[in-house]
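# coordinates only, no sequence provided:
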């Protein structure tokens, strides 16, 4: 039986869910506060693994640059994470435009320039994909954890096939070559982000005045229990509204497309949605926090223990493999 469903938020996750529900025959109304002529933009690099093709049909025209690896710079050592599966810097706006087209083709009613400030009525189901500042999160007294992300895009051609990342005291900075542009970014504590970002840019002889600067709040999942769920069985959260991002990077496209598929399968039972998410992501969040802290600690204190190159799944890394490599490195160092 078809349902009348409201989706709040027209980013990648909201549009993906809307497209799939409309294809299934539900009557979907999607509310997006921006106008259709405005580019969808948030502090998101669009650096995504090829797993995205398991969800959204994208060809090479959506790719700005192919990325082979991430080079992490510690004070006394650089290690290279060789991505497996491979990654690409996507044209995020173009992906959004494609999802809008797919939604319209499937019959989704998209209301652009329509900001939701109160809980909509008259719908069988409500799905909030309205970001870290979600209306549902604001109305909840649950303690929230955030960091701030900032991004600077400079018109400078660079097609290197690797990302550069530098750990700082409160987070990390990155540099992503996007073909016709270079993206510089940071995730840090709000009170020191500006000064740390300025220092990072100066290391490349750049400043914020050279490009387009954006910032956004990024949720931080300390554990599965820190994610947001509504007590109303007809209300669902997904994307940054849910708070499901990778602890080591703040990225969440693949994780949340995976969560979206779980939501679609359990749209009639919110308790099953939560249970299946817990089975899928509870350990992923915990091991992500552990492995990130471990690598940061060793990189600063004992960098000689880190391998120079690691084949790495940036979506669902294996902490067992990481620990095994470190143990081998320790044994060889003692020999």
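Ah, there it is. Remember, predicted model here, so these are calculated numbers, not experimental data.

# for the protein, give the helix that spans the most residues.
Taking DSSP state H as the criterion, the chain has its longest helix at helix 270-301.

# and that one, what does it pack onto?
In terms of contacts (3 or more Cβ pairs under 8 Å, 6 or more residues apart in numbering; DSSP states H and E), helix 270-301 is packed against strand 63-74, strand 162-168, strand 235-237, helix 253-265, helix 319-334. Any C-beta I mention is one placed from the backbone N, CA and C, and that applies to glycine too.

# what strands line up against the first one, and which way round?
Strand partners for strand 63-74, identified by DSSP bridges, are recorded as strand 77-90 (antiparallel), strand 162-168 (parallel).

# please, where are all the helices along the stretch 101-250 of the chain?
In the stretch 101-250 of the chain, the helices defined using DSSP state H, counting those that start in this stretch lie at 135-138, 193-202.

# how about the last one: buried residues?
Translated: helix 193-202. Going by neighbour count (16 or more other Cβ atoms under 10 Å), the buried part of helix 193-202 is 193, 196, 197, 200, 201.

# again, but for the shortest one
Taking 16+ other Cβ under 10 Å as the basis for neighbour counts, the residues of helix 135-138 that come out buried are 135, 136, 137.

# least confident pick among those?
On pLDDT alone, residue 137 ranks lowest of the buried residues of helix 135-138, at 85.

# and stretch 226-234, end to end?
Using Cα to Cα, to the nearest Å, one end of stretch 226-234 lies 20 Å from the other.

# what does that stretch rub up against?
124-126, 134, 136-137, 140, 142, 145, 220-221, 236-237, 241-244, 269-271, 274, 277 (Cβ atoms under 8 Å, 6 or more residues apart in numbering).

# residue ranges with poor pLDDT in this protein?
37-43, 319-335 (pLDDT under 70).

# still on that earlier bit, just the buried subset of the contacts of stretch 226-234, written out for ChimeraX, thanks.
Buried subset of the contacts of stretch 226-234, written as a ChimeraX selection, criterion 16+ other Cβ under 10 Å:
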select :125,126,134,136,137,220,221,236,237,241,242,243,244,270,274,277
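
# please report how far the nearest residue to residue 142 once chain neighbours are set aside lies from residue 280.
Distance criterion Cβ to Cβ, 6 or more residues apart in numbering; nearest residue to residue 142, sequence neighbours excluded, is residue 228 at 6.9 Å. Distance, residue 228 to residue 280, using Cβ to Cβ, to the nearest Å: 16 Å.

# between these two, who's got more neighbours?
The residue with more neighbours, out of residue 228 and residue 280, is residue 228; 20 against 16, by other Cβ atoms under 10 Å.

# dump the residue contacts of residue 106.
19, 22, 23.

# need the contact list for residue 99.
Going by Cβ under 8 Å, 6+ apart, the list of residues near residue 99 reads 12, 15, 16, 19, 56.

# which among those count as buried?
Here, 16+ other Cβ under 10 Å leaves 12, 15, 16, 19, 56 buried among those.

# just flag the most distant two among the residues you listed.
12 and 19 (10.6 Å; Cβ to Cβ).

# one step back: dump the helices of the stretch 101-250 of the chain into JSON lines; add distance to residue 93 as well.
JSON lines is the format used below for the helices of the stretch 101-250 of the chain (distance: least, Cβ to Cβ, whole Å):
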{"stretch": "helix 135-138", "distance to residue 93": "25"}
{"stretch": "helix 193-202", "distance to residue 93": "23"}
